[in-house]
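**Student:** need a structure here:
(2 chains)
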Number of protein chains: 2
Amino acid sequence: MTSFRFAVNVTPKPGILDPQGRAVEGSLGHLGIEGVTAVRVGRRIELTVAAADEAAARAVVERLAGELLSNPLIEAYAIELLGAASSTRSEVPA
Amino acid sequence: MTSFRFAVNVTPKPGILDPQGRAVEGSLGHLGIEGVTAVRVGRRIELTVAAADEAAARAVVERLAGELLSNPLIEAYAIELLGAASSTRSEVPA
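**Tutor:** Modelled structure (predicted):
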């Protein structure tokens, strides 16, 4: 078994209202920051999957991302492989 | 001016309790998913900065990430450059 560390980036789809992004934009003036636009706030989930190979691990992450970590109606997700550690039983630290 | 699109990934520091991560782990059994551990839930903020060059844009993002987008006591952040578009006045779509 190999342990794969993945990140799932979940962001609001284009056109979907993003109140947190608007809130960040509204705070920029108080900080005296100019030139920042199009702020979108989403989630980033990092997780370790133990699987026989990368394809099997990625399939697990795809399922998780679509069924548990994102709302497909209003959010898009992207999966990123962060690293792999091969052993009979390994744990990548959180 | 050039428009730079950045992502800021904010994650709970190691050792900091992450209730959302625990909640995801607790839901895995219901989905029949095994082998997933060390789930950490953070935020991902994407934004566009108009600046003279990449160094100036990155400095703005560094300030935002440390002062507004993360809580330095319990969270770590990483900055990622997603792309650049040069023009006198351009907007990278959200």
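**Student:** Enumerate every residue touching A:Ser70.
**Tutor:** By CB atoms under 8 Å, 6 or more residues apart in numbering or on different chains, the residues touching A:Ser70 are A:Val8, A:Val10, A:Ala76, A:Tyr77. Any C-beta I mention is one placed from the backbone N, CA and C, and that applies to glycine too.
**Student:** List, one by one, the residues from chain A near chain B.
**Tutor:** A:5, A:7, A:9-11, A:14, A:18, A:21, A:24, A:27-28, A:31, A:33, A:35-51, A:60, A:63-64, A:67-69, A:91-94 (CB under 8 Å from any CB of the partner chain).
**Student:** Write the ChimeraX selection for whichever of those are buried.
**Tutor:** The buried subset of those, as determined by 16 or more other CB atoms under 10 Å in any protein chain shown, is captured in ChimeraX by this line:
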select /A:5,7,9,10,11,18,21,24,28,33,35,36,38,39,40,41,42,43,44,45,46,47,48,49,50,51,60,64,68,69,92,94
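**Student:** thinking again about what came up before, pick out the most distant pair among the contacts of A:Ser70.
**Tutor:** Greatest spatial distance among the contacts of A:Ser70 (CB to CB): A:Val8 and A:Ala76, at 10.9 Å.
**Student:** Pick out whichever of those two has more residues nearby.
**Tutor:** A:Val8 (24 against 15; other CB atoms under 10 Å in any protein chain shown).
**Student:** what's the pLDDT at the more buried one?
**Tutor:** pLDDT, A:Val8: 98.
**Student:** and if you look at A:Ser87?
**Tutor:** For A:Ser87, pLDDT reads 68.
**Student:** The one 4 residues further on now?
**Tutor:** Per-residue confidence at A:Glu91 stands at 53 (pLDDT).
**Student:** longest helix of chain A?
**Tutor:** Scanning chain A for the longest helix, with DSSP state H as the assignment, gives helix A:19-31.
**Student:** Shouldn't A:Arg44 be within a strand?
**Tutor:** Yes. Under DSSP: H, G, I helix; E, B strand; the rest coil, A:Arg44 sits within a strand.
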